[in-house]
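J.: Compute the structure for the input listed below.
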Amino acid sequence: MTNSVKSSSDAPSPRPGDTYVQSFARGLQVIRSFSAQAPRQTLSEVAERANLTRAGARRILLTLQQLGYVESDGKHFRLTPRMLDLGFSYLSSMPIWDLAEPEVEALVSRVKESSSIAVLDGTEIVYVMRVPTHKIMKISLGIGSRLPAYCTSLGRVLLSDLEDDEIVTRLESAPRTALTRHTTTDTPTLLKRIQQVRKQGWCLSNQELEEGLISVAAPLRGANGRVTAAINVSGQANRTDAKTMQEQILPALLETAQTVSRLLRQKGG
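T.: Now for the predicted structure:
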């Protein structure tokens, strides 16, 4: 899997109404038009990717430029680091990150494998914390990176907290590509596997996202008992096979997940 991680999800566009500010929504479309594949764009490219007129895209880009979120060399536009303020507002509003970081670092030190925390956004997972050890993936992951939920251990844990009909709706609302020869894509089988995740309280994904990548994930639960996020440990299948992952790494992961969940409940998160 050599393609870059998507920068945004293809969420359906709500119909304008009394509670829907269309100009604001169009501004978000312009922001989401930038990605790893299109970090610098002309006005015409932004308009095409955001499905806007050139005039509409121009007004939004110039507004963002005046606010410091976009810069231009006269022909191309690109996002500025100030855009990170928007993501930081989300991260700083959630108590989980400060609570979890030392626990995740201790887990990585203990198992000598990478660990991440992600949340669910539609049909995708969004990484909100990552403590790597070795580079084990062809794609580069960091905070804000997105991956499909259906073929990742983190995603299946997060989906398992939903009702079955909602799981099916989400699975069928986005393409499900066989990323490797091991990837499960059909809805009935995926639903059964997610139901099993719900029952056992953890998920192991063996080379479904990328050849050679294996991971195991567990839920992080907040004060209301619902899954707030998910935490995983990932490694190379030729070094840590499924049996080793389940017998040696899963217990440490579950212990960390329970500790972070307890801290969340104490914090009221």
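J.: separation between His198 and Arg40?
T.: For the record, residue 198 is Arg, not His. 43 Å (CB to CB, to the nearest Å). For every residue, glycine as well, the C-beta is placed using N, CA and C.
J.: Which of those two has more residues huddled nearby?
T.: Higher neighbour count among Arg198 and Arg40: Arg198, with 19 against 13, using other CB atoms under 10 Å.
J.: wouldn't that one be in contact with Ser160 here?
T.: Yes: Arg198 is within contact range of Ser160, at 3.9 Å (criterion: CB atoms under 8 Å).
J.: helix/strand/coil for Gly155?
T.: helix (DSSP: H, G, I helix; E, B strand; the rest coil).
J.: So which residues of the stretch 151-269 of the chain form helices?
T.: Taking DSSP state H, counting those that start in this stretch to define them, one finds helices in the stretch 151-269 of the chain at 153-159, 164-172, 187-200, 242-244, 250-267.
J.: counting contacts, what elements does the third one pack onto?
T.: In terms of contact count using 3 or more CB pairs under 8 Å, 6 or more residues apart in numbering; DSSP states H and E, helix 187-200 is assigned the packing partners helix 153-159, helix 164-172.
J.: In the first one, which residues are buried?
T.: For helix 153-159, the buried set under the neighbour-count rule, 16 or more other CB atoms under 10 Å, comprises 153-159.
J.: Same check on stretch 19-32?
T.: In stretch 19-32, counting by 16+ other CB under 10 Å, buried: 26-27, 29-32.
J.: what residue ranges in this protein score low on pLDDT?
T.: Counting by pLDDT under 70, the ranges of the chain that qualify are 1-18, 90-96, 134-140, 268-269.
J.: In CSV, could you pull the C-alpha coordinates for stretch 251-260?
T.: Coordinates of each C-alpha in stretch 251-260 appear next as CSV, following Å, rounded to 0.1, in the frame of the first residue of the first chain:
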residue,chain,number,x,y,z
PRO,A,251,-2.3,-8.6,28.0
ALA,A,252,-0.1,-5.5,28.2
LEU,A,253,-2.4,-3.6,25.9
LEU,A,254,-5.5,-4.6,27.8
GLU,A,255,-3.8,-3.5,31.0
THR,A,256,-3.0,-0.1,29.6
ALA,A,257,-6.5,0.3,28.1
GLN,A,258,-8.0,-0.4,31.5
THR,A,259,-5.7,2.1,33.2
VAL,A,260,-6.4,4.9,30.7
